[in-house]
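> Kindly generate the corresponding structure for this input.
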Amino acid sequence: MNREQAYLRMLSSTANMQWNIAVMLEAKASEAEKMRSWFCNHLHSHSFSSQQTQLGQSLQMHDQVIEVIDGITKLNQGMVSIIKAVLPQNEDDEESFGNSGDSFGKGFTFGDKK
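Below you'll find the predicted structure:
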């Protein structure tokens, strides 16, 4: 397998991971909407014995959301490292990164300025 084929496989895997993340987010959004609806209709301040219990339940729900966001962030960081490995990186691009307003990062420039 040559380098181009390896890069194509890496990009294909990245696209597949992105699709799976989108499916997971869609399922999580649906689940969150169901939970929100149930909470709004069934849970009230008189449903808890104390404010401490109510706060603990709220924190537990927020912790679950934060875990999902953290997991997705880690997956995206992995995809970024794959894309960085695939994209060509020249010294010219590295020097212009941050110095020019038309640069979109390493390997991406808008227009034909050379």
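> hey, let's count contacts and neighbours off CA atoms from now on
Fine.
> Assign a three-state SS to Pro88, would you?
coil (DSSP: H, G, I helix; E, B strand; the rest coil).
> please renumber so the chain begins at 309
OK, 309 is where the count begins now, so the last one is Pro396.
> so what's the backbone phi/psi at it?
phi -70, psi 140 (degrees, to the nearest 10).
> List the buried residues in stretch 350-365.
Gln362 (16 or more other C-alpha atoms under 10 Å).
> in the helix or strand harbouring Ala337, what counts as buried?
Per DSSP states H and E: Ala337 is located in helix 311-350. By neighbour count on 16+ other C-alpha under 10 Å, the buried set for helix 311-350 is 315, 318-319, 322, 325-326, 329.
> Export those residues to JSON lines and append columns for distance to Gly364.
Output for these, formatted as JSON lines (distance: C-alpha to C-alpha, whole Å):
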{"residue": "Tyr315", "distance to Gly364": "47"}
{"residue": "Met318", "distance to Gly364": "43"}
{"residue": "Leu319", "distance to Gly364": "43"}
{"residue": "Thr322", "distance to Gly364": "38"}
{"residue": "Met325", "distance to Gly364": "34"}
{"residue": "Gln326", "distance to Gly364": "34"}
{"residue": "Ile329", "distance to Gly364": "29"}
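> No further questions, thank you.
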